[in-house]
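> Sharing a model prediction with you, sequence too.
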Amino acid sequence: MMTLEQLNQLSAADAATAFAQCCVSQRWIQQMIAARPFASLEQLYRAADDIWQGLEEADYLEAFEGHPKIGDVSSLQQKYASTKALAAGEQSGVNAANDAIINALAEGNQSYEQRYGFIFIVCASGKSAAEMLALLQARLNNNRATEVQNAADEQARITRIRINKLLGIAG
């Protein structure tokens, strides 16, 4: 955890490491570094959102790769170790799920990835496994463009939560 002032004062390399804990899109990270210093938390949030909205699909897909599949937190442990602890906390609702829901999530994730070409992205904080399964099943009916936007919107929510965690802000 660090303060906003400390984040502003980090070297570019250290800031890249910090921002990568929030989102692994390299273009987002580089633009966030360039946007510093942030005068307020609100300015940081606005920059994070504005930069994210200005990115392209390839950047979104890169960010999505930084997530484990819901219910499979260890799947990307080697590749994205810096986000594992954050993702584990975000997905704690899966830990209490029964085997039937876990299996349905695994099958749904496979169908989703085959249909859209990327994993199911959802801001899992505060959601049970059953709620995530219902969201996944509902989103399987979308066209790809709609689903890329849905996933990008969910990524923005996840990024906000991770920024708060980075800065030690509750909620």
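Cool, the structure landed. Numbering: from 1, shown residues only.
> Can you get me the start-to-end distance on stretch 17-25?
With C-alpha to C-alpha, to the nearest Å as the measure, the first residue of stretch 17-25 is 12 Å from its last.
> hmm, who's touching that stretch?
Applying C-beta atoms under 8 Å, 6 or more residues apart in numbering, the contact partners of stretch 17-25 are 2, 7, 10, 28-29, 32-33, 48, 52, 55, 59-60, 62-63, 65-66, 80, 82-83, 86, 155, 158-159, 162-163, 165-166. The way it works is simple: take the backbone N, C-alpha and C, and place the C-beta from them, glycine included.
> I'd like to know how far Ser25 sits from Ala152.
The spacing between Ser25 and Ala152, counted by C-beta to C-beta, to the nearest Å, is 10 Å.
> Spell out which residues are contacts of both of the two.
Looking at what touches both Ser25 and Ala152 (by C-beta under 8 Å, 6+ apart), the common residues are 52, 60.
> The two: who's more crowded?
Looking at Ser25 and Ala152 with other C-beta atoms under 10 Å, you find the greater number of neighbours at Ser25, namely 27 against 19.
> Grab the nearest non-local neighbour of Val148.
Spatial nearest neighbour of Val148, chain neighbours left out: Glu57 (5.9 Å); criterion: C-beta to C-beta, 6 or more residues apart in numbering.
> Just the pLDDT for the one you found.
In this model, Glu57 is scored at 97, pLDDT.
> same thing with His67?
Each residue has a pLDDT score; the one for His67 is 83.
> ditto for Gln26
Value for Gln26, per-residue pLDDT: 98.
> again, but for the one 4 residues further on
Residue-level confidence at Gln30 comes out at 98, pLDDT.
> Then Ala134?
At Ala134, the model reports a pLDDT of 94.
> State the next helix or strand along the chain beyond the helix or strand harbouring Tyr45.
Assigned by DSSP states H and E, Tyr45 belongs to helix 41-53. Scanning forward in sequence from helix 41-53 by DSSP H and E, the next helix or strand is helix 57-64.
> what about Ala130, distance to Arg162?
Separation of Ala130 from Arg162 (C-beta to C-beta) stands at 24 Å.
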